[in-house]
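Enquirer: below is the sequence, then the predicted model.
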Amino acid sequence: MRLLFLAFLCVNVLFSACSDKDSLAIDNTEEDSYKTGIDLSVSHTLTWERPWADEEFLMLGYGYDATGKFAHPSSVRAKVIDLNQLDESRIGVNRSTSNGPTPILTGSLEEFVRVKGAQANFNQDELSKYKNLFRGSFADKFAADKTHYPNLQYTYAYVSQQIVMRTVYFDTYHFDGISSEQLDAYVSPQFRQDILQMSADDIIIKYGTHVLQYAVLGKRADYLYRHSPYESHDAQYWFTRRIRENFNISPGIGVWPNNADAESPAKENLYVEVVDNTRPEHNAWMIDVTNYSGSPIEYDRFYGENNLDEATLIDIRFGMGRPGIIPIYEFVSDPLKKQEIKTAVDKYLSE
């Protein structure tokens, strides 16, 4: 996989999603018939619960489901750590802000998961074993494009524009290398009670597979592009160009150089999702680039006052000398229950 950097982004946006009658199932077998004349573009409103809304440090110490979207608020679960049991000096807050893109990732979705998994500090054995890791990040993003081409193998590209507003984490005291018996002193009363009363599977449903100990807060715009087979260098060009042409959140995006006067890939889709706390009418779009003839989508909420009220979880990468997430079973003091939950977590992530 190649990681390619890109100079990036500013923001505005409007969109007319295609009507239900346009979302027709089409079974095409001829690979030269990608231009169907039917635009299958759609827009969505994605919502998620916010149990941490009144917390000073938001979702720090909450459970996290590692099968969901990578570093996404929808993957946050119930509270595990009672921050009131920690000395305030043990909680770090970095108020440094930044704005820019992540590296562009190109390749298969499996390769993307391995990169994101490594960023979250999963080792190579775990990345090979955990088939469900961060599957929510890429699952069903292009489901509205119901065309079917049996011999078409897509290649993907991904980039994320991030506005970082704050980072919260467990500071000089953190949980690495500390026994479960010691960790038990810091868990919430409800988590301690549920460990005694609930099955391992139910614990995972309520609390997830891990616990957040390092959370980057802010806003994020994700771009996922898929295309029919095409020379890699030119595909970078078309990815960045399609973002500028179809999603006007970032008119300043730099287009990847293209020295060849080549035609675009025959089949293209672009998925865009804005992750923040503003709760707009629409915050996710699948654009059927091959058949789309509408105006660029205008989105005017991404760049604004950028106060913390608009921030949410946007990254869980390894930072400040520690991983962003810790397995939830590390907070279980009873050895039998701990092993039961560990086995259930391994199965949940693997099967």
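Expert: On my side now, so go ahead.

Enquirer: and stretch 283-296, what's buried?
Expert: For stretch 283-296, the neighbour count (16 or more other Cβ atoms under 10 Å) marks 283-292, 296 as buried. In short, each C-beta sits where N, CA and C put it, glycine included.

Enquirer: so where's this structure shaky on pLDDT?
Expert: The chain contains residues with pLDDT under 70 at 1-32, 172-181, 231-233, 250-255, 257-261, 318-321.

Enquirer: quick check, central residue of it?
Expert: Geometric centre of the chain, nearest residue: Phe70, 3.5 Å, by Cα atoms, centre = their mean.

Enquirer: and which of the buried residues of stretch 283-296 is nearest Tyr149?
Expert: Thr290 (11.4 Å; Cβ to Cβ).

Enquirer: residues contacting the closest one?
Expert: Contact analysis of Thr290 by Cβ atoms under 8 Å, 6 or more residues apart in numbering lists 34-35, 266-269.

Enquirer: can you check Arg95 too?
Expert: Arg95 is in contact with Arg166, counting by Cβ under 8 Å, 6+ apart.

Enquirer: for it, give its distance to Tyr169.
Expert: 13 Å (Cβ to Cβ, to the nearest Å).

Enquirer: repeat that for Gly92.
Expert: According to Cβ to Cβ, Gly92 stands 5 Å off from Tyr169.

Enquirer: returning to that earlier point: is the residue nearest to the centre of the chain in contact with Arg135, as I believe?
Expert: No. Using Cβ atoms under 8 Å, Phe70 makes no contact with Arg135, being 9.9 Å away.

Enquirer: tell me where the stretch 151-300 of the chain has strands.
Expert: In the stretch 151-300 of the chain, the strands defined using DSSP state E, counting those that start in this stretch lie at 155-170, 210-212, 214-227, 268-275, 284-287.

Enquirer: so how far is Trp52 from Gly61?
Expert: Using Cβ to Cβ, Gly61 is found at 9 Å from Trp52.

Enquirer: these two - which one has more neighbours?
Expert: Gly61 (26 against 21; other Cβ atoms under 10 Å).

Enquirer: list the residues that contact Cys227.
Expert: Just so we're on the same page, residue 227 is His rather than Cys. Listed by Cβ under 8 Å, 6+ apart, the contact set of His227 reads 154-155, 157, 235, 238-239, 265, 267-269.

Enquirer: can we see that at 10 Å?
Expert: Under the criterion of Cβ atoms under 10 Å, 6 or more residues apart in numbering, the neighbours of His227 are 154-157, 234-235, 238-239, 242, 264-270, 289-290.

Enquirer: do the same with Phe70
Expert: By Cβ under 10 Å, 6+ apart, the contact set of Phe70 is 112-113, 115-117, 119-120, 133-138, 160, 222, 314-317.

Enquirer: identify the bridge partners of Leu313.
Expert: On DSSP bridges, the residues paired with Leu313 through beta bridges are Leu217.

Enquirer: hmm, Gly218 and it touching each other?
Expert: Yes. Using Cβ atoms under 10 Å, Leu313 is in contact with Gly218, at 8.8 Å.

Enquirer: between these two, what contacts are shared?
Expert: Common contacts of Leu313 and Gly218 (Cβ under 10 Å, 6+ apart): 275, 277.

Enquirer: more neighbours: which of the two?
Expert: Higher neighbour count among Leu313 and Gly218: Leu313, with 28 against 24, using other Cβ under 10 Å.
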